[in-house]
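> No sequence on hand, only this structure:
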């Protein structure tokens, strides 16, 4: 089931992706922001396909990917607006 630990893991994954992309983006702020967003983002259709192949009996794959997209949006909007 999707619980608080799932939400925390997704948030940590998004923050880690943003941090890694930002640090590796170089000295130009535009490059750092673009790489941070690209690193933290994932393509939902590919994520769903990979998850469905690896976990065919899991019922909440689509809900988890939707939750990831919502958390990604909530965390990246303040990052972009800074």
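Yep, that arrived. Predicted model, so just to flag it, every value in this text is computed and none were measured. Numbers count the residues shown, from 1 in each chain.
> can you map out the strands along this structure?
For the chain, applying DSSP state E gives no strands.
> Could you point out which residue ranges in it have low pLDDT?
Applying pLDDT under 70 to the chain picks out residues 1.
> could you redo the last one with a cut-off of 50?
Applying pLDDT under 50 to the chain flags no residue at all.
> Residue 41 and residue 62, how far apart?
Distance, residue 41 to residue 62, using C-beta to C-beta, to the nearest Å: 18 Å. C-beta: built from backbone N, CA, C; applies to glycine.
> what's the answer for residue 34, then?
28 Å.
> If I follow the layout properly, residue 2 ends up in contact with residue 66?
No: assessed by C-beta atoms under 8 Å, residue 2 is found out of contact with residue 66, at 9.7 Å.
> What's the separation between residue 4 and residue 67?
Relative to residue 67, residue 4 is positioned 12 Å away (C-beta to C-beta).
> ok, those two, which is more surrounded?
Legend: neighbour count by other C-beta atoms under 10 Å for residue 4 and residue 67, higher for residue 67 (15 against 7).
> The more buried one touches residue 3, doesn't it?
No: between residue 67 and residue 3 there is no contact under C-beta under 8 Å: 10.8 Å.
> Please report phi then psi for residue 42.
Torsion angles at residue 42 (phi, psi; degrees, to the nearest 10) stand at phi -140, psi 160.
> Many thanks, we can stop here.
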